[in-house]
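Student: here's a sequence, model it:
(2 chains)
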Amino acid sequence: MRIFENTDFNLVGSRRSGYILSGILILLSLGAIVTRGLELGIDFRGGMEFVVESSQVLDATAVRTALTSVLETSPEVKTYSDVGAGGRDALLIRTPTEGETTEIQTRVVQGISDAFPGSDPQVIKTDVVGPRFAEDLKRGSLYAVLGSLLVIFLYVMLRFEWRFGLGAVAALFHDVLITLGIFSLLQGFLPFSLQIDQAIIAAFLTIVGYSLNDTVVIFDRIREYTNLFKTEPYKIVVNRSVNTTLSRTVITSGTTLLVVTTLFIFGGEVLRGFTFALIIGVIIGTYSSVFVATPVVVELHSRSGSARRAVRR
Amino acid sequence: MQGNGFKVGAVIFFLALSAWYLFPSFRGLSLNNRLEGMSQEERVDYERDNFSTIESIKEKSLNLGLDLQGGMHITMEVGLRELISELAGERRDEAFDEVLAAADARSEAENVSLIDAFVDEFENRDPDASLSRYFRSEEITRRSSNSEVTQYLQVQGADAIERAMQVIRNRVDRFGVTEPSIQTQGSRRIVVELPGIDDPERVRALLKGTARLGFHLMADPGELNSSLQRIISYYEVDIASPADSLDVGEEEINEEAESDTSFDVSQLLAETEDLDDVGNPLLDVLIPAGQGTVVFGEVAAQDTAAFDALMADPEVQAMLPRDIELRYDANPSSGSGPEYFPVLAVNMNIELSGDAITDARADFDPQTNQPLVDMEMNSEGARIWSRLTGANVGKNVAIVLDGVVYSYPTVIGQISGGRSQITGLASQEESEDIVTVLKSGALPAPVEIVEERTVGPSLGVVARKAGFTSLMVGLTIVVLFMIVYYRAGGMVADMALIINIIFIMGILAGFNATLTLPGIAGIVLTIGMAVDANVLIFERIREEQSTGKTLKASIDGGYSKALSAIIDANITTFFVGLILYSFGVGPIQGFAVTLMAGILASLFSAIVFTRIIFDYAVIGRRLSVNFG
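Tutor: As a prediction, the model looks like this:
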């Protein structure tokens, strides 16, 4: 079976439509991030999270109302799909309240069983992050993201040349920004949590790694072909490189997308936000290798003068 | 085929290595299956009889993360601010408190060490001021420079962490958790991992309280021995009748054990001897001590819970001498095999509280060169100590921290003036341990829980199933896709994929890494990306074939031309894994580890292994391989 073999799409020529699409997506994302913001999880904000199992289905809004007076703030309450044996129903309760974990946990359990007699609430998962620890996690994540972008830029620069480095990093910013934008746009509309926590940062870095992987394969081919077809115009050479690698790009993205979707479906509630980020990231990352990273290289190349200079190596 | 001998050797070598590292995990799986089939009692007996085998299997098995087996992950922070305050003691003044508060705020905002921030703030305020105004010790005098004081504070800070570790380790030991892990993180944090905990409230309460250090008197050896005899005979009479049924239970287990060839003979012999004692449940777990000692007996580490349960009987408690309670020694008695802890009879009243201690040092006797501990007390403590030692010459005084006895030296003579020595210690290590304990009474640096993640055991099971299902479904989809798309080539790539997964597991087990749910996600993701190397190669081979080259030439060209893209693409992802590993905690690190292991394994299996197969098929057997 073969798909996308010997294609001859004018991908470099149609890069303008790519710019327009990416531009719109980036503007939308920035708009969403500025107006709607990003919801930080307790990893970066501090607070407590309890998953409470009960023997009857409890209405999230009613539970929130019941707990607001008990906790003296309004907690977030969501349904939680992973439950233990017996198929009991579970809720995720998130509160910024500070204090003794045991005491607050008792208040939550007591509050629920008072408001819903016979519901037999039990805490099956607890996450507590102190404010100071949250600051540290936030700082660590920021360093990790900046650090990996820097390392990637340096590596691509060493292995290729600065234009490719810039192209790769531009694509990565593009990917992470749009994924963040989609998180911001969709938060509150999906049945699972889209809060930014450590796992989401890990997902972003994985997206960065994946998108780069894709980009590097195309760059490698461009490097090979610029040496092979020295007489042809740079844009044609680049376009041929993208077309010959297109089959591989689609196959690898396809298999990766398949497994990531598998994880999204079967991996459970804990991984849902993480795998959702990966799904978006794989799609955007594949698109950006062809329509952002490569065009940036082409633009930089035509701007920096003669087409022969890059061929020198 | 020429030159492939080395490659074949490498594949076989790595497969064997993976199998070697994974073998204990397989034994662990079959052990768990067997244990699940047993009743509660059979299980307890079996676990006791095969203690060392089970321990070694558990130690070498692939560790499951807390999210997969349930348990608690707790990060604790040692209160350095309180420690600095405490060190300054009465010399503290308003300026000192202000500087400390400012330093605390700054250390939080800028992520610098509190001690550095403190010294810096202090010098900013008044460059000529001397820190030695506030601190006094052996090394620090009025004339000490600020840098000497800084160093002193740093040593004290490190000591405080060390003491907190000691206290936490001691408390964790009492939860009876199978494989607790306690590690320092950075300069002031301690991470505690407790698998399979089902009452987090108790753990929180126990981990948080400030450690209490006290000096206690001990039981009279004569009284203690008669108590011991009475308690032994109490259990002798009480359980004599149902002993028969217990007997049968043990024999059954022995039969089962014999059918398993992996047990060594000496263990079997030991079990048969055990049968004689079966009439007395107390003697099953306790090796009673002789006469004339404050030691009640010795209990193996895994029997402490059973022993505690037997001793909790109110009637048994009443048989102990008045005011006496049994406490474990912190140090197991030396010897191989499972650890045995001495049980000591300690008076429950605190004669002198640990906050009377002002300093403690490990030292050597100048004459005999034996290790010893120097201990100093404040004036009030010295007065009580003098009276206590004067009235108890020739008897033992127990140093009890958090309910555990760290040392029980014999009083040689009355000690007045507050300076004492503890001699007759076995090693320098022991003297240092005692110093740590003594100081934890003198300088209690409070410990606070700053992060907690608890997963109930039922959720752990759900996560395990979710991980396994994702792995299997993901693998099946990719395997089928590769066969459909690349035909025979795809099948070879699939074999590489399976080998790849074996390698990843082997790497995880070999490096003693922990498998978490994000870790499994990493493996599943790797499955999707691992075929990438083969996709790159196969696409190249197809390209080469379309230019009219022979199969052999196409394969050669495909591999060599795809190599640079494969390497470049994988190295960058590997970097990302490395960065993720260095910043992340727990589950995220698990993801990073599997991602990196996956990259290494897939590079090897996709490049080396598949090449061997193609070379064998095309050159060796002259077969035609279809790349779809």
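Student: max-length helix in chain B?
Tutor: helix B:457-510 (DSSP state H).
Student: near the residue in chain B that chain A sits nearest to, how many other residues are there?
Tutor: With CB to the nearest CB, the shortest gap between chain B and chain A falls at B:Ser458, namely 2.7 Å. Where C-beta positions appear, they are placed from N, C-alpha and C, glycine not excepted. Applying other CB atoms under 10 Å in any protein chain shown, we find 20 residues neighbouring B:Ser458.
Student: what's the answer for B:Ala158, then?
Tutor: Based on other CB under 10 Å, the number of other residues close to B:Ala158 is 13.
Student: same question, B:Asp104
Tutor: The tally of other residues near B:Asp104 (other CB under 10 Å) stands at 17.
Student: that one in helix, strand or coil?
Tutor: The three-state assignment at B:Asp104 reads helix, by DSSP: H, G, I helix; E, B strand; the rest coil.
Student: same question for A:Gln56.
Tutor: A:Gln56 is classified as coil under three-state DSSP.
Student: what about the longest helix along chain A, distance to the chain center?
Tutor: In chain A, taking DSSP H as the definition, the longest helix is helix A:234-266. Taking the mean of its C-alpha atoms, helix A:234-266 sits 18 Å from the chain's own mean (CA atoms, centre = their mean, to the nearest Å).
Student: same check on stretch B:331-348?
Tutor: For stretch B:331-348, the distance to the chain centre is 21 Å (CA atoms, centre = their mean).
Student: give me the buried positions along that stretch.
Tutor: B:Asn331, B:Pro332, B:Tyr340, B:Phe341, B:Pro342, B:Val343, B:Leu344, B:Ala345, B:Val346, B:Asn347 (16 or more other CB atoms under 10 Å in any protein chain shown).
Student: now do the third one, the pLDDT please.
Tutor: What it means is B:Tyr340. pLDDT for B:Tyr340: 84.
Student: for B:Asn349, give me phi and psi.
Tutor: With angles defined as degrees, to the nearest 10, B:Asn349 sits at phi -80, psi 130.
Student: neighbours of the closest residue to it other than its chain neighbours, how many?
Tutor: Sequence neighbours aside, B:Asp323 is the residue nearest to B:Asn349 in space, at 6.4 Å (criterion: CB to CB, 6 or more residues apart in numbering or on different chains). B:Asp323 sits with 12 neighbouring residues when counted by other CB under 10 Å.
Student: I figured B:Asp323 hits B:Val346, correct?
Tutor: No. B:Asp323 lies out of contact with B:Val346 (CB atoms under 8 Å); the separation is 9.5 Å.
Student: check which helix or strand covers residue 158.
Tutor: Chain wasn't specified; assuming chain A. helix A:131-159 (DSSP states H and E).
Student: switch to chain B, that's the one I care about
Tutor: Per DSSP H and E, B:Ala158 falls inside helix B:146-173.
Student: over to B:Ala362?
Tutor: strand B:357-364.
Student: which parts of that strand are buried?
Tutor: For strand B:357-364, burial by neighbour count (16+ other CB under 10 Å) applies to B:Ile357, B:Thr358, B:Asp359, B:Ala360, B:Ala362.
Student: also stretch B:170-188?
Tutor: Buried residues in stretch B:170-188, defined by neighbour count with 16+ other CB under 10 Å: B:Asn170, B:Arg171, B:Val172, B:Asp173, B:Phe175, B:Val177, B:Pro180, B:Ile182, B:Arg188.
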